[in-house]
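>>> Show me the folded form of this:
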Amino acid sequence: MLVLLALATVLAFAAGCTSSAPGSNVMPQQTTQVPGPAATATETAQATAVATDVGTPPSASPTAPLRALVLEAADLPDGYSLIYEGEMLPGAEDCPDGEFCYLEGYSVSMVTGDAENSTLVDQTISRYSGHATEETLDAVLADQFPEIMAADIIALKAPPLGDASAAYRFRFPSTGDAVEGYLVIFGKGEVHEMIMVIGTGAGENLALDLAKKAASKIT
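The predicted structure follows:
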C-alpha cells in the first residue's frame, strides 16, 4: 500500500505540476517513478495530504472544458476516494505551424483499498495542437510517461474509442511484488486522454470500462 500511495502521489504531482513553459512548443514532461522502499509511512501520508489539498479550480478557469471530462464517483466502482485533482500548467502560447504542441491539461487520481490490497486510477486529459492519430498517441505517452514505455509493456487490442486509441499492460519492477497496471490512451480531435489503473485490483476490463465512460464525455 505504501508503494502504491507513494506512486499515486508522484503521479498526481507529475500530471498536475509539470508542463512546458509558456511560449514553448515542448510537450509536458512527466516524471513518473516507482518509489523505493525508503519512503516511510509518515512521508507518504504527508505527501498524499499535500496532493489532496489541491482544490478544484473555478469554472472560469481556461481548463473548465477539460474539467467537464473528468470521471465522476458514479463512473467508478464503489470505494474509490479522490486523492488529487488539478490543472496541469499551461502549455505553448504560440505554437509554430506544423508543430505538435501541448496546450493545457487536467488530471485526477483516485485510490481504493487497504494496506494489503489497493488500486489506483489515474486520468489525464490534455489538449494539443494536432488532432489525435496513432502517431500522436505514441508521442503523448512517450513524453508524459516515459517510464511506462521503458517498463515491461505489452500492447493489447485497441478499443474503438475516439479518432485513435491504444491499450497496454505494463509492469514496474519492485523490491517486493512487481507493480502491474493497465493503460488506455485515446484521442478525439485535439483532446488526448489516458486512463491508468495500477495495483492489486487492476485489470484490463476495468481500464477499458473507465476509458469508454471517459470517451463518452467528449462531444
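>>> I'd guessed residue 170 sits against residue 155; true?
No. Using C-beta atoms under 8 Å, residue 170 makes no contact with residue 155, being 10.2 Å away. In this view, the C-beta of every residue, glycine as well, is placed from N, C-alpha and C.
>>> Pick out whichever of these two has more residues nearby.
Remark: of residue 170 and residue 155, residue 170 carries more neighbours, 22 against 9, as counted by other C-beta atoms under 10 Å.
>>> what does whichever strand or helix holds the more buried one contact?
Using DSSP states H and E, residue 170 maps to strand 164-172. Residues outside strand 164-172 that contact it (C-beta atoms under 8 Å, 6 or more residues apart in numbering) are 34, 132-134, 136-138, 141, 147-148, 151-159, 178-187, 204, 207-208, 211.
>>> so what strands line up beside it?
strand 152-156 (antiparallel), strand 179-188 (antiparallel) (DSSP bridges).
>>> Any idea how many residues pack against residue 206?
Look at residue 206: counted by other C-beta under 10 Å, it has 17 neighbours.
>>> Show me which parts of stretch 117-128 are buried, residue by residue.
Across stretch 117-128, burial judged by 16 or more other C-beta atoms under 10 Å covers 118-128.
>>> Equivalent analysis for stretch 154-169, please.
Neighbour-count burial for stretch 154-169 [16+ other C-beta under 10 Å]: 158-159, 161-169.
>>> Now residue 94: phi and psi?
phi -130, psi 110 (degrees, to the nearest 10).
>>> That one and residue 136, how far apart?
20 Å (C-beta to C-beta, to the nearest Å).
>>> Neighbour count for these two, which is higher?
residue 136 (20 against 10).
>>> Please enumerate the helices of the protein.
2-17, 41-52, 64-67, 134-144, 146-150, 204-216 (DSSP state H).
>>> shouldn't residue 88 be in contact with residue 126?
Yes. Counting by C-beta under 8 Å, residue 88 touches residue 126, with 7.0 Å between them.
>>> Setting aside sequence neighbours, what's the nearest residue to residue 111?
Excluding the flanking residues, the one nearest residue 111 by C-beta to C-beta, 6 or more residues apart in numbering is residue 120, at 5.0 Å.
>>> From residue 216, how far off is the one you found?
From residue 120 to residue 216 the distance is 22 Å (C-beta to C-beta).
>>> what about the chain, any weak spots by pLDDT?
Residue ranges of the chain with pLDDT under 70: 1-63, 173-177.
>>> Can you give me the neighbour number for residue 211?
For residue 211, using other C-beta under 10 Å, the count is 27.
>>> do you know how far it is from residue 99?
Residue 211 is 27 Å from residue 99, by C-beta to C-beta.
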